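Asker: Just need the structure, nothing else, for what follows:
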Amino acid sequence: MATMTETIRTKLAQGLQTSRLDIVNESALHAGHAGDDGSGESHFRVLIVSSSFEGISRVERQRMVHAMLKDEIAHRIHAISIKALTDEEYNRM
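Answerer: Purely as a prediction, here's the structure:
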């Protein structure tokens, strides 16, 4: 069975043309807190850089990512922090 990190990576890479995709499992930082289901796969931070975000608002980018991960968010992911950037925005950082 794939880890949640692998599932997130597969779904986002297939759904978006990513030039960078960083996924950090932060579940250990939340052990024992609300939303910790004990799986070690409940809290994530994601950086997505994609040309697919050109001309799309930040809110719509978040919605796109949430739509791609809707089942995981509904059943296994308690918290996900998403930074979704175009290549130009990333290069300015």
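Asker: Show me where this protein dips below the pLDDT cut-off.
Answerer: Flagging of the chain using pLDDT under 70 yields the residue ranges 28-40.
Asker: just the helices in it please.
Answerer: For the chain, the helices defined by DSSP state H occupy 4-15, 58-68, 70-75, 87-92.
Asker: Excluding covalently adjacent residues, which one is nearest to residue 61?
Answerer: residue 84 (3.8 Å; Cβ to Cβ, 6 or more residues apart in numbering). Every residue, glycine included, has its C-beta placed from N, CA and C.
Asker: go on, residue 10?
Answerer: Nearest residue to residue 10, sequence neighbours excluded (Cβ to Cβ, 6+ apart): residue 2, at 7.3 Å.
Asker: Closest to the centroid, which residue in the protein?
Answerer: residue 46 (4.1 Å; Cα atoms, centre = their mean).
Asker: any idea how far that one lies from residue 20?
Answerer: Taking Cβ to Cβ, to the nearest Å as the measure, residue 46 falls 11 Å from residue 20.
Asker: What of residue 50?
Answerer: On the measure of Cβ to Cβ, residue 50 and residue 20 end up 8 Å apart.
Asker: Also residue 78?
Answerer: Distance of residue 78 to residue 20, given as Cβ to Cβ: 25 Å.
Asker: and residue 1, how many residues sit next to it?
Answerer: The tally of other residues near residue 1 (other Cβ atoms under 10 Å) stands at 5.
Asker: One more: residue 79?
Answerer: 16.
Asker: who does it bridge with?
Answerer: Using DSSP bridges, the beta-bridge partners of residue 79 come out as residue 43.
Asker: wouldn't it be in contact with residue 41 here?
Answerer: No - counting by Cβ atoms under 8 Å, residue 79 does not reach residue 41; the two are 11.5 Å apart.
Asker: Comparing residue 50 and residue 20, which residue is more hemmed in?
Answerer: Set residue 50 next to residue 20 and count neighbours by other Cβ under 10 Å: residue 50 wins out with 24 against 11.
Asker: All set, thanks.
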